[in-house]
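[1] Next comes the sequence, and after it the predicted model I'd like to discuss.
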Amino acid sequence: MADEPKTETPLVSLQGVNKYFGELHVLRDINLDIARGEVVVVVGPSGSGKSTLCRAINRLEPIEEGEIRIDGVPLPAEGKELARLRADVGMVFQSFNLFAHKTIVQNVTLGPTKVRKESAEAARKHAMELLERVGIASQADKYPAQLSGGQQQRVAIARALAMRPKVMLFDEPTSALDPEMVNEVLDVMTALASEGMTMVVVTHEMGFARRAGDRVVFMADGQIVEAAEPDTFFTNPTSDRAKDFLSKIL
Ligand code: ADP
Ligand code: MG
């Protein structure tokens, strides 16, 4: 339409989100809208609330104040509707958390068959496509311990994608990996980003942030201090906190 700009519902929307751990005010008035297809990279010092933010987005952590919407629907505190909406949010953690006693392909089909009630056949077909996509198809019948850390993390990504999420959250997905395995995981994430997946990525990998990020969100003390396009953020941070942070990591 020429007369009116199209205003799309953000895929993820946080409005006035506050969270406490006892006395500790760990998320402070977080307002953040993430558009469909957007890749938001979250950076900030340790303890600034990045993991808590991710966990709040799929309600692994309850929030005391504010509202979180996924594709326009407010996340309820609990119940069936929460389980349904949570399935829209895939999450990949620093520790891959694969089931050790299940094969790679079983790790990927478990959620779809148990939670989404997909047939074993359909789930396996989809799982093999995803394992192909992350470059692990030939290892499908092995057990997690037989794979490298980088391979296991790629399986964890496939497992999250198997639930057909609308948004993927990555909380320091490469921090536990040996350096030579970091890129194989970042490459999968970069491909996912370029295919249009909506992503929230907590990472210290600034190369990835510049390459794949649409926006960098800088957190400190539970607040979003600064948000900007990656190039702007890295070359021209405005806050002293961000300048200090960047001087330590770059
Ligand atoms: P980041 O991921 O940026 O390092 P976190 O979100 O893990 O930060 O933690 C933010 C703050 O909340 C830290 O001070 C941390 O110690 C505290 N915190 C995190 N999880 C808990 C918890 N389950 N109980 C109490 N305090 C917590
Ligand atoms: Mg963290």
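    Perfect, thanks for sending it. Ligands and ions are numbered 1, 2, ... in the order given.
[2] what about the helices in this structure?
    For the chain, the helices defined by DSSP state H occupy 50-57, 80-86, 104-114, 120-133, 149-161, 179-194, 206-212, 230-235, 240-249.
[3] mean pLDDT lowest for which of these?
    Mean pLDDT per stretch puts helix 80-86 lowest among these, at a mean of 81.
[4] Give me whichever of the helices of the chain is most buried.
    Using mean count of other C-beta atoms under 10 Å, the stretch among the helices of the chain with the largest mean neighbour count is helix 149-161, at a mean of 24. Placement of C-beta: from N, CA and C, glycine included.
[5] Could you check what's spatially nearest to the residue of the chain at minimum distance from ligand 2, not counting adjacent residues?
    Nearest residue of the chain to ligand 2: Ser51, at 3.2 Å (C-beta to the ion). With C-beta to C-beta, 6 or more residues apart in numbering as the criterion, Ser51 has its nearest non-adjacent residue at 5.4 Å, and that residue is Asp171.
[6] Burial check on the one you found, number of neighbours?
    Here the number of neighbours of Asp171 (other C-beta atoms under 10 Å) works out to 21.
[7] isn't it right up against Lys50?
    Yes - assessed by C-beta atoms under 8 Å, Asp171 is found in contact with Lys50 at 7.3 Å.
[8] okay, and the common contacts of the two?
    Val202 (C-beta atoms under 8 Å, 6 or more residues apart in numbering).
[9] where does this structure come near ligand 2, residue by residue?
    Selection of the chain residues close to ligand 2 by C-beta under 5 Å from the ion yields 50-51.
[10] Can you give me every residue that contacts the residue nearest to Ser51?
    Going by C-beta under 8 Å, 6+ apart, Asp171 touches 50-51, 54, 91-94, 202.
[11] what about 10 Å?
    Counting by C-beta atoms under 10 Å, 6 or more residues apart in numbering, Asp171 touches 42, 50-55, 91-95, 200-203.
[12] Run through these and flag the ones next to ligand 1.
    Subset of those in contact with ligand 1: 50-52, counting by C-beta under 6 Å from any ligand atom.
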